[in-house]
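A.B. asks: the sequence and its predicted three-dimensional model are supplied below.
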Amino acid sequence: AQSVTQLGSHVSVSEGALVLLRCNYSSSVPPYLFWYVQYPNQGLQLLLKYTTGATLVKGINGFEAEFKKSETSFHLTKPSAHMSDAAEYFCAVSDTGRRALTFGSGTRLQVQP
Amino acid sequence: DTEVTQTPKHLVMGMTNKKSLKCEQHMGHRAMYWYKQKAKKPPELMFVYSYEKLSINESVPSRFSPECPNSSLLNLHLHALQPEDSALYLCASSPPGQGSYEQYFGPGTRLTVT
């Protein structure tokens, strides 16, 4: 079964600094991977997805992620953090057999002024 | 229309009440989902409907009863809930056919059971 592990339940960065949120996956087949963001008391918003093809995926709000098969990783980055990026971020992998997503435990991003 | 809507936004109910949560999408998606999310946790899958048929029930207690009246609507009927059922209930949908199965989420219903 596919799974994802998010390293670091809390990440704090200064405004303008690089954001790096880590996600490693475990899958016996080529995975479909996603990053979602959740602002307080809201639903989840799809940031970006990796299916096949280009390993560097660009998403909304200036975020991007790189699929590295050799490292089984799909880390999320943003060159310059903004206060509005403070939220909970979830990495997820698609279980194609069940047509369902399996989520990581989440990483809370804090942005300090 | 590119969104999933959920009503009500907030719901407070007693343990003997019967209530329903409603979810709607008009994106032509043929898979719809219910998730339960407790504070500071990831969403937990409850049910999956594919082409209006229940395809996955993650061993959810019978006090939660899903219904998919048509391809755009998904309901979750609640009866005799327990305080530990208090949570954010999220609905999601995904496009039809083979593919990456990305899901699009609604804003959720915040449920409090007293």
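C.D. replies: Perfect, I can see it now.
A.B. asks: pLDDT of the helix or strand where A:Y36 lies, averaged?
C.D. replies: Element membership for A:Y36, per DSSP states H and E: strand A:33-38. Per-region confidence: strand A:33-38 scores 96 on mean pLDDT.
A.B. asks: buried ones in that strand, by neighbour count?
C.D. replies: A:33-38 (16 or more other C-beta atoms under 10 Å in any protein chain shown). No exception for glycine: its C-beta is placed from N, CA and C like everyone else's.
A.B. asks: pull up the pairing partners for the next helix or strand after that strand, direction included.
C.D. replies: Moving toward the C-terminus from strand A:33-38, the next helix or strand (DSSP H and E) is strand A:44-50. Sheet pairing of strand A:44-50 (DSSP bridges) gives strand A:33-38 (antiparallel).
A.B. asks: mind listing residues that contact the partner strand?
C.D. replies: Contact with strand A:33-38 is made by A:4, A:21, A:23, A:25, A:44-50, A:59, A:61, A:63, A:65, A:67, A:74, A:76, A:87-94, A:101, A:103, A:106, B:100, B:102, B:105, as judged by C-beta atoms under 8 Å, 6 or more residues apart in numbering or on different chains.
A.B. asks: of these, grab the buried ones for PyMOL.
C.D. replies: Applying 16+ other C-beta under 10 Å to the contacts of strand A:33-38, the buried members can be selected in PyMOL as follows:
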select buried, (chain A and resi 4+21+23+25+44+46+47+48+49+50+59+63+65+67+74+76+87+88+89+90+91+92+93+94+101+103+106) or (chain B and resi 100+102+105)
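A.B. asks: re earlier: out of the buried residues of strand A:33-38, which is nearest to chain B?
C.D. replies: Proximity of the buried residues of strand A:33-38 to chain B (C-beta to the nearest C-beta) peaks at A:F34, which lies at 6.1 Å.
A.B. asks: list the contacts for residue 55?
C.D. replies: The chain I'm using is chain A. By C-beta under 8 Å, 6+ apart, A:T55 lies in contact with A:66-69.
A.B. asks: ah, I was thinking of chain B
C.D. replies: Neighbour list for B:S55: A:99, B:48-49 [criterion: C-beta under 8 Å, 6+ apart].
A.B. asks: go again using 7 Å as the cut-off
C.D. replies: B:48-49 (C-beta atoms under 7 Å, 6 or more residues apart in numbering or on different chains).
A.B. asks: please, which helix or strand holds it?
C.D. replies: strand B:53-57.
A.B. asks: now do the buried residues in that strand.
C.D. replies: In terms of neighbour count (16+ other C-beta under 10 Å), strand B:53-57 has its buried residues at B:I56.
A.B. asks: ok, stretch B:45-64 next?
C.D. replies: So, applying 16+ other C-beta under 10 Å, buried residues of stretch B:45-64: B:45-50, B:52, B:56, B:60, B:64.
A.B. asks: now, these that are in strands?
C.D. replies: B:45-50, B:56, B:64 (DSSP state E).
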